[in-house]
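> got a structure for you, letters missing:
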């Protein structure tokens, strides 16, 4: 199978290497193609000297329907790497990232990961993006004893499988609705209808998060599932309308699904007090652009995008937006922070090989624009960061933080319906 291989370089200010995450710039990657080598046996640790560079491997969807997400992470990675390299790199060594295309398909992602781990100069992996690809990348990385820092893939299984070499920066799918569940404890809903994409991500959001809340609260609840890429959501929305829910929660795999769901809701006259996406499709600018006025006052409960009141975040946001002509969302913040975590790990590692990097990951304890990062074992998770979540709301084409109160940019508004 032929896949795209991309190499990115970058720059940043020396202050960031001390653990502070701020700014941004980027350059595009070059393309090559080659055949992936299988990884039937654990790869040997990389040597400490790698020609003056420290190589990071990443598996991302660079082609296919999800390529827009791969581009988001590519921009975030290049931004951080350029900053770091411009400041002298890590202990005099430049960072380099090698990207392999997953096409957002688990089997292709497995082959891509095998190719990366076969390159002994690559001493850490990141990326994955979707839950399905992340799970296979985690399995291959752990089998080959290559440290893997997950920056977005959210299936809880990735850090609940006892893997020693897998670490996660972002909240799990089960944690996505943590802030929403906290909000419901103070503002109990009278009834909920939940529409869920039938894949690994949707399953995790429900099984590890929403299900427990429903069982404990005993709120009247309706669950409807759909297949990713569904073209006609009206039958589902007609069923939802019949229950007259006060709150509609949707786990949509991408912005296209999220948009079609909102169109079907309007056609069916589904108009709850709260219309809430669980990150993913409802949390990216593509949703706001496609849905237009239908996105107004829609909420999204998911990964923390950073403290938007923090001057450091504001500087990062400004420079990213100027460079790439779009605002950073959860993907960009996660990817940018992941590179700084890796740079910090390289700086602290006793040896710049896979084992040394893994050991340094275990003692990570730092602040980033994505929040504090420390990998811990808790509640069945291993090497999991206690990543924050929030509730944001689409207002005038921008996503505004509305909960928790201490980080809110504005007050939450009731869903406007179909005016």
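Happy to help now that I have it. All values derive from a computational prediction rather than experimental measurement.
> now the helices for the stretch 251-400 of the chain?
With helices called from DSSP state H, counting those that start in this stretch, the stretch 251-400 of the chain shows them at 255-268, 285-291, 311-324, 330-348, 354-362.
> now the longest one and helix 354-362, what's the angle there?
Regarding helix 330-348 and helix 354-362, their directions subtend 120 degrees when assessed with axes from the mean of the first three to the mean of the last three CA atoms, to 10 degrees.
> buried ones in helix 330-348?
Neighbour counts over helix 330-348 (16 or more other CB atoms under 10 Å) mark 330-346, 348 as buried. In short, each C-beta sits where N, CA and C put it, glycine included.
> go on, stretch 189-206?
Using 16+ other CB under 10 Å as the test for burial, stretch 189-206 gives 189, 192-197, 199-206.
> and it, end to end?
Start and end residues of stretch 189-206 are separated by 17 Å (CA to CA, to the nearest Å).
> residues contacting residue 293?
If you count contacts by CB atoms under 8 Å, 6 or more residues apart in numbering, residue 293 has none.
> for residue 355, see how far away it is.
Separation of residue 293 from residue 355 (CB to CB, to the nearest Å): 54 Å.
> one more: residue 297?
Counting by CB to CB, the separation of residue 297 from residue 355 is 50 Å.
> quick check: which element contains the nearest residue to residue 275 once chain neighbours are set aside?
Of all residues not flanking residue 275 in the chain, residue 415 sits nearest, at 4.6 Å (CB to CB, 6 or more residues apart in numbering). Per DSSP states H and E: residue 415 is located in neither a helix nor a strand.
> re earlier: and residue 68, which of the helices of the stretch 251-400 of the chain is closest to it?
Proximity to residue 68 (CB to CB) singles out helix 285-291 among those, at 6.6 Å.
> which elements pack onto the closest one?
Helix 285-291 makes packing contacts with helix 255-268 when contacts are defined by 3 or more CB pairs under 8 Å, 6 or more residues apart in numbering; DSSP states H and E.
> most centrally placed residue in this structure?
residue 152 (2.6 Å; CA atoms, centre = their mean).
> is it true that that residue touches residue 171?
No - Residue 152 lies out of contact with residue 171 (CB atoms under 8 Å); the separation is 10.1 Å.
> from residue 121, how far out is residue 299?
Where residue 121 is concerned, residue 299 sits at a distance of 45 Å (CB to CB).
> between those two, which one's more packed in?
Shown here are residue 299 and residue 121; by other CB atoms under 10 Å, residue 299 has more neighbours (26 against 15).
> what sits against the more buried one?
Listed by CB under 8 Å, 6+ apart, the contact set of residue 299 reads 274, 275, 276, 277, 391, 392, 393, 394, 402, 412, 415.
> can I get those residues in JSON lines with pLDDT?
Formatted as JSON lines, the contacts of residue 299 follow (pLDDT from 0 to 100):
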{"residue": "274", "pLDDT": "97"}
{"residue": "275", "pLDDT": "97"}
{"residue": "276", "pLDDT": "97"}
{"residue": "277", "pLDDT": "95"}
{"residue": "391", "pLDDT": "96"}
{"residue": "392", "pLDDT": "94"}
{"residue": "393", "pLDDT": "96"}
{"residue": "394", "pLDDT": "96"}
{"residue": "402", "pLDDT": "95"}
{"residue": "412", "pLDDT": "97"}
{"residue": "415", "pLDDT": "96"}
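> closest one to residue 268 out of those, please.
Residue 268 has its nearest neighbour among those in residue 275, at 12.7 Å by CB to CB.
> burial count for the closest one?
When neighbours are defined as other CB under 10 Å, residue 275 has 27 of them.
> before we move on, what about residue 325?
When neighbours are counted by other CB under 10 Å, residue 325 comes out with 7.
> and for residue 391?
Neighbourhood size, residue 391 [other CB under 10 Å]: 22.
> and the closest residue in space to it that isn't next to it in sequence, how far from residue 300?
Using CB to CB, 6+ apart and skipping the chain neighbours, the partner closest in space to residue 391 is residue 403 (4.0 Å). In this structure, residue 403 and residue 300 are 11 Å apart, going by CB to CB.
> what's the answer for residue 223, then?
From residue 223 over to residue 300 the distance is 19 Å, taken as CB to CB.
> the more surrounded of the two?
Between residue 223 and residue 300, counting by other CB under 10 Å, residue 300 is the more crowded of the two (31 against 14).
> residues contacting the more buried one?
The contact partners of residue 300, taken as CB under 8 Å, 6+ apart, are 276, 277, 278, 279, 282, 283, 391, 392, 393, 394, 399.
> could you dump those residues to a markdown table with distance to residue 381?
Shown next, in a markdown table, are the contacts of residue 300 (distance: CB to CB, whole Å):
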| residue | distance to residue 381 |
| --- | --- |
| 276 | 25 |
| 277 | 24 |
| 278 | 19 |
| 279 | 19 |
| 282 | 25 |
| 283 | 23 |
| 391 | 23 |
| 392 | 25 |
| 393 | 29 |
| 394 | 31 |
| 399 | 28 |
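> out of these, grab the one that's most surrounded.
Using other CB under 10 Å as the neighbour criterion, residue 282 leads these with 31 neighbours.
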